[in-house]
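Trainee: generate coordinates for the sequence data below:
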Amino acid sequence: MSTMVSIQDINPNKAIQQVSEGLEGSIETPEWTKFVKTGHGKRNRPEQKNWYVTRVASILRKIYINGPIGTSKLKKAYSHKKNRGHKPERTTIASGKIIRTALQQLEKAGLVKQVEKGVHKGRVVTPKGMSFLSKIGKK
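Mentor: Below you'll find the model as predicted:
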């Protein structure tokens, strides 16, 4: 009897790596990603060449796990500490532009859609996205 392995059961780093490899053709990296930081608390831009596709894969995984989720919660999920010199660090939220464009591209690819469940509004994974992630889980 084979057990169904979901994307939650895999090591998150491996899962995001595999999802980003699967998304390579369907997600196009915007031109501005060469120059942008991931939040105002960061000093430099990301060093990896394909950091944007990796972020999109991570966002897709978070949407799968956390159910209807919007940009506000995702900005908090990707927050980081800002180094303020000798003053205490403060948490700063991530860039909303990166998250919004990633969500728009995932919607365009048909992997997520907007829903309203009672008072909760946000995006959830579509059946096409579920099958895509389950194929990743089987690898």
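
Trainee: quick one: Lys37 and Leu106, what's the gap?
Mentor: 22 Å (C-beta to C-beta, to the nearest Å). For glycine as for every other residue, the C-beta is placed from the backbone atoms N, C-alpha and C.

Trainee: distance from stretch 113-130 to the middle of the chain?
Mentor: 15 Å (C-alpha atoms, centre = their mean, to the nearest Å).

Trainee: and stretch 57-74, what's its mean pLDDT?
Mentor: Mean pLDDT, stretch 57-74: 90.

Trainee: now do stretch 15-35
Mentor: The model assigns stretch 15-35 a mean pLDDT of 86.

Trainee: give the buried residues for it.
Mentor: Across stretch 15-35, burial judged by 16 or more other C-beta atoms under 10 Å covers Ala15, Ile16, Gln18, Val19, Ser20, Gly22, Leu23, Ile27, Thr29, Thr33.

Trainee: from those, pick the one nearest Lys73.
Mentor: In terms of C-beta to C-beta, no member of those lies closer to Lys73 than Ile16, at 18.1 Å.

Trainee: before we move on, what SS does that closest one have?
Mentor: helix (DSSP: H, G, I helix; E, B strand; the rest coil).

Trainee: quick one: it and Thr54 touch, right?
Mentor: Yes: using C-beta atoms under 8 Å, Ile16 is in contact with Thr54, at 6.3 Å.

Trainee: next, give phi and psi for the most centrally placed residue in the chain.
Mentor: When C-alpha atoms, centre = their mean is applied to the chain, the residue found nearest the centroid is Ile59 (1.5 Å). Reported as degrees, to the nearest 10, the phi and psi values for Ile59 are phi -60, psi -40.

Trainee: now do the contacts for it.
Mentor: Counting by C-beta atoms under 8 Å, 6 or more residues apart in numbering, Ile59 touches Leu74, Ile99, Ala102, Leu103, Leu106.

Trainee: in helices, which of these fall?
Mentor: Leu74, Ile99, Ala102, Leu103, Leu106 (DSSP state H).

Trainee: now the buried members of those residues.
Mentor: The buried subset of these (16+ other C-beta under 10 Å) comprises Leu74, Ile99, Ala102, Leu103, Leu106.
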